[in-house]
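sequence below, structure please.
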Amino acid sequence: MKIRVGFGLGVRTRFVDRSFLDLVDDLERLRFDSLWLSERVTAECPDPVVALAVAAGRTTRLKLGMSVMVLPGRNPVLVAKELATLDRLSGGRLLPAFGLGAVSRAEQQAFGVERGERAARFDEALGLVRRLWTEDRVDHEGRFFRLEGAKVRPFPHQSPPDVWLGGAAPAELRRVGRLGDGWLPSFITPEAAAAGRAVVEDTAAEHGRSIDPEHFGVLLPYSFDPVPDEVLELLPARDPDIDRRRLVAVGAEQLADRIGEFVDVGFSKFVAVPLGDPVDATDHLERLSRDVLPLQT
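Predicted structure coming up:
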């Protein structure tokens, strides 16, 4: 397996000024594999498409990922155009990852989609985005979208980009198997990840598909300082009985050990996500890189 380690910013990040540019420069200099940005319209974090375009212009090798971009509520033609352009201008460094969006009244209002329609809209839109990246002309008559002779130019540099999906609920796992090219969950234990991978692969086989064994990754939250119990209690946990300390690595050495646990169950792509913004990002990334980047192969 080719082990790769990237760095991600959560929805509460405040890297929205010059500090973001310095962060990007450090990630490139230290040779992290990728940068991943979350999307939350009503939070502090920057828009992932705009911010990744800025990052693309400052780098030559850093890959550019979304963790994740909300698809329901967006026009799939415009999504295909934006991301094809970003992939083209970055020389094929885009790692698109899509999701349904947060279960939040404010977020659902921003995207204008009822909660009960999100999954159906997602499935239809994703199929259209893929077709628009590869077909000269797209005709489509669906529940939510109607296209006649639609086309997007330029095509992406990749032909086409692999699409990663997140989530770990049963329906989300089956969606990855039906529609995804890779799986990137978060706040999950190695044991749950192994069980989820089995569901993804079984579902893919049922639909005559297969997922590249190199396309199983995980977002790994970590902190250099002990995490207070009141913070741990706020973390999402699908199993109410789980010890939430297993969801967060404390210190770079423990993060490296946690990566090893996921490698043992067949995962090879990792995104380290700090629970809070580093005070000194350069020092933080250099410290992180000393322990986790030697794991890359």
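
and Ala168, how far from Ala198?
For Ala168, the distance to Ala198 equals 12 Å [Cβ to Cβ, to the nearest Å]. Yep, even glycine has a C-beta here, placed from its N, CA and C like the rest.

ok, these two, which is more surrounded?
Ala168 (20 against 12; other Cβ atoms under 10 Å).

roughly how far apart are that one and Arg105?
Per Cβ to Cβ, Ala168 is found 23 Å from Arg105.

now Ala171
Note on Ala171: its distance to Arg105, by Cβ to Cβ, is 21 Å.

where does the nearest residue to Arg115 once chain neighbours are set aside land in three-state SS?
In this structure, Arg115 finds its nearest non-sequential neighbour in Gln108, 6.0 Å apart by Cβ to Cβ, 6 or more residues apart in numbering. With DSSP: H, G, I helix; E, B strand; the rest coil as the basis, Gln108 sits in helix.

list the contacts of Gln108.
Gly101, Glu114, Arg115 (Cβ atoms under 8 Å, 6 or more residues apart in numbering).

thought the last one was touching Val103?
Yes. Counting by Cβ atoms under 8 Å, Val103 is a contact partner of Arg115 at 6.9 Å.

tell me which of those two has more neighbours.
A side-by-side neighbour count of Arg115 and Val103, using other Cβ under 10 Å, places Arg115 first with 13 against 9.

now do the more buried one, the pLDDT please.
Per-residue pLDDT puts Arg115 at 89.

likewise for Ala237?
67.

per-residue confidence for Ala102?
For Ala102, the predicted pLDDT is 88.

check contacts around it.
Ala102 makes contact with Arg40, according to Cβ under 8 Å, 6+ apart.

isn't there a helix covering it?
No. Assigned with three-state DSSP, Ala102 falls outside any helix and is coil.

from Val163, how far out is it?
Distance from Ala102 to Val163, by Cβ to Cβ: 20 Å.

name the nearest residue to the residue most central in space within the chain, ignoring sequence neighbours.
Centroid-nearest residue in the chain, with Cα atoms, centre = their mean: Ser67, separated by 2.7 Å. In space, and not counting its chain neighbours, Ser67 is closest to Trp36: 4.2 Å by Cβ to Cβ, 6+ apart.

can you classify the one you found by secondary structure?
Secondary structure, three-state DSSP: Trp36 is strand.

leaving out chain neighbours, which residue sits closest to Thr59?
Nearest one to Thr59, counting by Cβ to Cβ, 6+ apart, is Glu28 at 4.5 Å.

let me fix that: Pro278
Closest residue to Pro278 apart from its sequence neighbours, by Cβ to Cβ, 6+ apart: His284 at 3.4 Å.

doesn't Val227 make contact with Gly251?
No. When contacts are counted by Cβ under 8 Å, Gly251 is not listed as touching Val227 (10.9 Å).

and the two? which has more neighbours close in?
Val227 (19 against 16).

so who does the more buried one touch?
Residues in contact with Val227 (Cβ under 8 Å, 6+ apart) are Arg245, Val248, Val250, Leu275.

from these, which is closest to Phe7?
Closest approach between the contacts of Val227 and Phe7, by Cβ to Cβ: Leu275, at 13.3 Å.

what's in contact with stretch 37-44?
So stretch 37-44 is contacted by 8-14, 16, 45-48, 51-52, 65-70, 102, 104, 106-107, 110-111 (Cβ under 8 Å, 6+ apart).

which strands or helices does the helix or strand containing Ala272 pack on?
Taking DSSP states H and E as the definition, Ala272 sits inside strand 269-274. Under the contact definition 3 or more Cβ pairs under 8 Å, 6 or more residues apart in numbering; DSSP states H and E, strand 269-274 sits against strand 4-9, strand 34-37, strand 217-223, helix 252-264, helix 281-292.

need the ones you listed in JSON lines with mean neighbour count, can you?
JSON lines is the format used below for those (neighbours: other Cβ atoms under 10 Å):
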{"stretch": "strand 4-9", "mean neighbour count": "24"}
{"stretch": "strand 34-37", "mean neighbour count": "26"}
{"stretch": "strand 217-223", "mean neighbour count": "22"}
{"stretch": "helix 252-264", "mean neighbour count": "17"}
{"stretch": "helix 281-292", "mean neighbour count": "17"}
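
of those, which approaches Val77 most closely?
When the helices and strands packed on strand 269-274 are compared by Cβ to Cβ, strand 34-37 sits nearest Val77, at 22.6 Å.

keeping just the C-alphas, turn the closest one into PDB.
C-alpha atoms of strand 34-37 as PDB (Å, rounded to 0.1, in the frame of the first residue of the first chain):
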ATOM      1  CA  SER A  34      -2.500  16.900   0.700                       C
ATOM      2  CA  LEU A  35      -4.600  19.700   2.200                       C
ATOM      3  CA  TRP A  36      -8.300  19.000   3.000                       C
ATOM      4  CA  LEU A  37     -10.900  21.700   3.700                       C
END
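
no further queries at this time; thank you.
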